[in-house]
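K.L.:
sequence-free structure coming up:
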């Protein structure tokens, strides 16, 4: 029933390749099926003004799409002169989600910026960005710990995200683009490695949804996040 | 326990004053406690390019805050030269939510823009904007129907929204600003008059949340939306 | 002869409601007929760079219109990404006018920003903004004096403004929108409570004007400003 | 008493050099003392959208200052990414003033853009721009009439402008920069060749002004405009 | 003597991987040592306004750098709200260079946009973009020819580019970043497959250069471009 | 054969008028035939952040064109809200070129900004800007030396620029606009007074060029720069 032939609760193939770029303190290329996102973590020994002299650190994120990551070419945001509302919404979500997994006191007064750049898009780019962004962040923090700059590990738990939705009347896991563009309801679930919730966003795109359907989406999401966390563990072992 | 002395499941006083401005096709001032939002609905006999010659209409929303709606003056977005990411995120949410309650074929090829301008803020401005925005939209559509420009009512159901969150460890309904700024988890629930879900956004601001806590938030939200829908009915009777 | 049936030298009804918003140090809603402007005064204990360590204070103003304050919806300036030339011209005029009534040494090294937001427009919004802005400023300064932060009253005189113009060949007082859009000459007069001039702007919109006509406009303006100052006194008594 | 040693009612030396640039349909360099403005008139055979198919033409103006026209270098507006409020206010004034001297039906459906670029500034740049801009416009229209593209002369009268102000307590004519920066009141008067008023802007910069003082400013302005119109006539004879 | 140990006239390793992204009509990842650029060619069946109804096509280019392509993170241009002067200069160069190798009449009235996004930077990104951009363009044109949409091959010759410079007093080929940041003179040479010149840019960064030195740079460039063209041929065979 | 009737290696008439504006520390109007550029040098006793406390100075340049410097009016960049890619490219070239002729240690920690504003354009505006900009810079530095603020002359050599190109198949010197718009190859050569190269930019506009043609362009450029340097010497003697 799904265009890809997947079972209702089946994720796309996940691959996380680490240390893919030479300059960043942490980096990975995450591939969730045909969605490919390059995630880099950049360390700076300064924090935003509101955190100066607090001893706390900051984690923030930026998101972008290469113009031809999509089926038809999109206008380059740098040329358009601004980031779209969608881009800003996504990068705020990534930043909030990653911060929820970090003890900012243990991080100390430094900032890590996670850049998530979509090289190829096939649905679920914001979820892949969170899952891959966590890996880049983990690797950058590892480097700080190895160097003795941080003593207590500030990464309190895994953070990963998956989308679920109601496609052709059925709750399905990990929407790809053909499903996403037709789904009646579309949700993104950000969770920790221990199954706690960080962020839930579910939106009726055509038909409203009931509480039972929502519960099933959440059940699927838990299953998917479990598999993503396993992939994170394998990649950063 | 709540700063305002309200019970955990108690809404703030709701007031919806209609027809408050002379020029708009529909308007109201909604007051949820000390949060006051002026909502106007403006009709245009044209649609965005992607809908031309489809027979379908469009509903969109814009959101703004007067600079001194808040405790300390905020920079005017027109002077800053752009709308913040937060503003864009909110107005996209309002637009999506209102569209979910409208049959755009029945509306016909015309556009209604709902402007939500916060005159005074005390938490929950996006939810008040959705609830009040629906009233402004209802009144504008009433005018079209009275004039015979629309035959079938395109308003398929009420749309209203309320925030809930975990404050001091307790799930509470309808956060005001002192609660919102301290809440560990903060959620916005947009629902229909019949209790179906349109949009759920729940976000861990400091502590993650479990599924049980989330269920309690949803239960509170249903109660709150019920009272808001009743207020909408009274105002537009 | 006037669309509203008013006499040539008759003002619209004036109402000034004070303390209309909870957060601002001073606020009022001024209504000149169907023109309604919300004015707030916001205090900051800092001044622009060019005044640092001079002991002098600053008064500045910003002006905005809600998108549907007008008969047809105007584009939101925050969405357009800039304030129009007209907006900037108006807010510079409001700021200059209010400063002319303030002893900036007596005010001390602090800044008061007066925001004038047009809720509903029917001509004369810049004049209503000046007249109402003065009231908001007066109330904010009262608060500073009551708190003992200022000893000598820095408000040296009332400041109020009215428009006059030549409509259908006749000099008339306090143009409303139907008159304003047809007037051959349009003028704004800002004066003090003792009848001194602060700013005069008169502009031929279709036909040039002679010195006699201009003198009659000024006579009308004096009458109107007298009535506005009386309303300011009543509101702030 | 005046820094320049001029009498109270004495203008600076006026020089208007015509046809100073090769490409423009009309051009002049106007020099009012040390204030030098290059004015060009550019003809286009199209009008703004709101005038299409009305048979009416349009005259508009743009104003700029070279970065080092002033005593200390100012930031280039093109580099700053926007025209200042002052620039917009001035170019709107120039455009309005020139249009007041043109019969736009006689002009026919074409647009003339008058660019006023300040090469060197010493006070009174907006007035010099209006006076010189009229000359550039006159020359461009002459070319159209010579070519037979226009039959009836659309230039109904001369338009010229001068500043007056109260300097050291005395009304003086044609303020230069040292006077302008110290003046208690500063006014710009735009008039026709027959002494009719087009635009009056008078502003209290430090001290308010009375009606008698204003009458004296207007008397001085009439004298000054008379001399400017004579210079326009000599230049375009 | 060179930091990398290369001979003075030795290129870095070149690798061109084609068809690296699923959506673009043509694509490659070009790697010149540690400089990696993703090049995509996007086809549109429309041309810029100035070419409509001329039968001629257009080739244009855009250039970007991921924020952490460099040793320290650079600000994202989309977030900064504009493309830097450097970015614009580079993308204008890429576009001009590629157009010089295309017969735009044979291409027909369609546009191909070549996006060059630097994934990792180590000097010479603009040259790698031109060389890789030509491959992406070649592949997109191949697709058009296979489909029969184009009959005559519009690609008249190869286009490739290499940098040369004077490093530590010696002319060297294919500067990497450590050399580029120290070079006294830096040049970019764009040439065809038959050794004709398309664009030469040579710039003294610290010391001026003489004609003999320049001749040696050009000799080195010819050698380098020869190797790049061979790599293009191998990749597109 | 040339539209102007000039010999292949003949420059246009050069005139450099110095001290043309009252406020700038150095200024000239350079006229290369019908291309007229006003160049001013402005001194500031501060440097960009990256040079603070290094003892080194900075020379930078900005470039602009009056809207009607060209045959048809161009949009004013300040009104458009940004400088075009072409403008930025040109002003970066002017700045780089002038810096190549300055010993920034001898200049000391101060900045000189050279503004080049094209009053009338007929091809070659960037070259005229460099040549005239050097004169303005020379005059400003003279003033500093006369005042004893600088001891060692930081101007190490003349800097001048000329364009050459292949017009109607023939290499010609100093392209005017009719030639420039038709040239198959177009180059700009920036050189010192002793014939060393600072910057070479040659670009195929329609047909590629060979090494012999390029050598002839360089020979012509040397001849032209020699004449320009002579004119600089005469003007600043």
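P.N.:
Nice, I can see it. Only a predicted model underlies this, so the values are computations on that prediction, with no experimental measurement involved.
K.L.:
For the rest of this, base every contact and every neighbour count on C-alpha atoms.
P.N.:
Fine.
K.L.:
pLDDT of stretch A:94-103, averaged?
P.N.:
Averaged across stretch A:94-103, the pLDDT comes to 96.
K.L.:
How far off centre is the worst-scoring helix or strand of chain A on mean pLDDT?
P.N.:
In chain A, no helix or strand scores lower on mean pLDDT, DSSP states H and E than helix A:77-80, which sits at a mean of 93. When C-alpha coordinates are averaged (C-alpha atoms, centre = their mean, to the nearest Å), helix A:77-80 and its chain have centres 23 Å apart.
K.L.:
what's it packed up against?
P.N.:
Under the contact criterion of 3 or more C-alpha pairs under 8 Å, 6 or more residues apart in numbering or on different chains; DSSP states H and E, helix A:77-80 touches helix E:77-80.
K.L.:
Buried residues, the helix it packs on. List them.
P.N.:
E:77, E:78, E:79 (16 or more other C-alpha atoms under 10 Å in any protein chain shown).
K.L.:
ok, so of those residues, who is nearest residue F:160?
P.N.:
Nearest to residue F:160 out of those is residue E:77 (C-alpha to C-alpha; 34.0 Å).
K.L.:
Now for that closest one: which residues touch it?
P.N.:
A:78, E:83, E:84 (C-alpha atoms under 8 Å, 6 or more residues apart in numbering or on different chains).
K.L.:
try residue A:213
P.N.:
By C-alpha under 8 Å, 6+ apart, the neighbours of residue A:213 are residue A:171.
K.L.:
swap the cut-off to 10 Å and go again
P.N.:
A:165, A:166, A:169, A:170, A:171, A:185, A:219, B:197 (C-alpha atoms under 10 Å, 6 or more residues apart in numbering or on different chains).
K.L.:
What of residue A:13?
P.N.:
Counted by C-alpha under 10 Å, 6+ apart, residue A:13 has contacts A:31, A:32, A:33, A:34.
K.L.:
how about 8 Å then?
P.N.:
A:31, A:32, A:33.
K.L.:
Go through these and flag which are in helices.
P.N.:
Applying DSSP state H to those, no entry is found in helices.
K.L.:
can you redo those residues as CSV with pLDDT and distance to chain F?
P.N.:
What follows is these, written out as CSV (pLDDT from 0 to 100; distance: C-alpha to the nearest C-alpha, whole Å):
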residue, pLDDT, distance to chain F
A:31, 98, 37
A:32, 98, 38
A:33, 97, 39
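K.L.:
which of these has the most neighbours?
P.N.:
Within the contacts of residue A:13, residue A:32 tops the neighbour count with 25 neighbours, counted by other C-alpha atoms under 10 Å in any protein chain shown.
K.L.:
And residue A:235, its phi and psi?
P.N.:
When read as degrees, to the nearest 10, the backbone of residue A:235 gives phi -70, psi -30.
K.L.:
make that residue A:230, sorry
P.N.:
Torsion angles at residue A:230 (phi, psi; degrees, to the nearest 10) stand at phi -60, psi -40.
K.L.:
Tally up the residues packed near it, please.
P.N.:
Look at residue A:230: counted by other C-alpha under 10 Å, it has 13 neighbours.
K.L.:
cool, residue A:165 as well?
P.N.:
Residue A:165 has 31 neighbours, counted by other C-alpha under 10 Å.
K.L.:
how close does the one residue in chain A that gets nearest to chain F sit to chain B?
P.N.:
Closest approach of chain A to chain F (C-alpha to the nearest C-alpha) occurs at residue A:81, with a separation of 10.6 Å. Counting by C-alpha to the nearest C-alpha, to the nearest Å, the gap from residue A:81 to chain B is 11 Å.
K.L.:
That residue contacts residue E:81, doesn't it?
P.N.:
Yes: applying C-alpha atoms under 8 Å as the test, residue A:81 and residue E:81 come out as touching, 4.4 Å apart.
K.L.:
Need the three-state assignment for the most centrally placed residue in chain A.
P.N.:
For chain A, the residue sitting closest to the mean C-alpha position, by C-alpha atoms, centre = their mean, is residue A:130 at 1.3 Å. When classified by DSSP: H, G, I helix; E, B strand; the rest coil, residue A:130 comes out as helix.
K.L.:
In this structure it contacts residue A:163, no?
P.N.:
No: if you go by C-alpha under 8 Å, residue A:130 and residue A:163 don't touch, sitting 11.5 Å apart.
K.L.:
so where's chain A uncertain?
P.N.:
For chain A, no stretch has pLDDT under 70.
K.L.:
Show me the strands in it, by range?
P.N.:
A:14-18, A:26-32, A:35-44, A:58-65, A:111-120, A:159-167, A:170-173, A:185-192, A:197-204 (DSSP state E).
K.L.:
For stretch A:191-208, which outside residues touch it?
P.N.:
Residues contacting stretch A:191-208 (C-alpha under 8 Å, 6+ apart): A:97, A:100-101, A:157-161, A:183-190, A:222, A:225-226, A:229, B:96, B:100, B:196-204, B:208-211.
K.L.:
Leaving out chain neighbours, which residue sits closest to the residue of chain A most remote from its centre?
P.N.:
Most distant from the centre of chain A: residue A:53, at 29.8 Å, with distances by C-alpha atoms, centre = their mean. Using C-alpha to C-alpha, 6 or more residues apart in numbering or on different chains and skipping the chain neighbours, the partner closest in space to residue A:53 is residue A:109 (7.7 Å).
K.L.:
got it, and residue A:19?
P.N.:
For residue A:19, the spatially nearest residue (C-alpha to C-alpha, 6+ apart) is residue A:27, at 5.0 Å.
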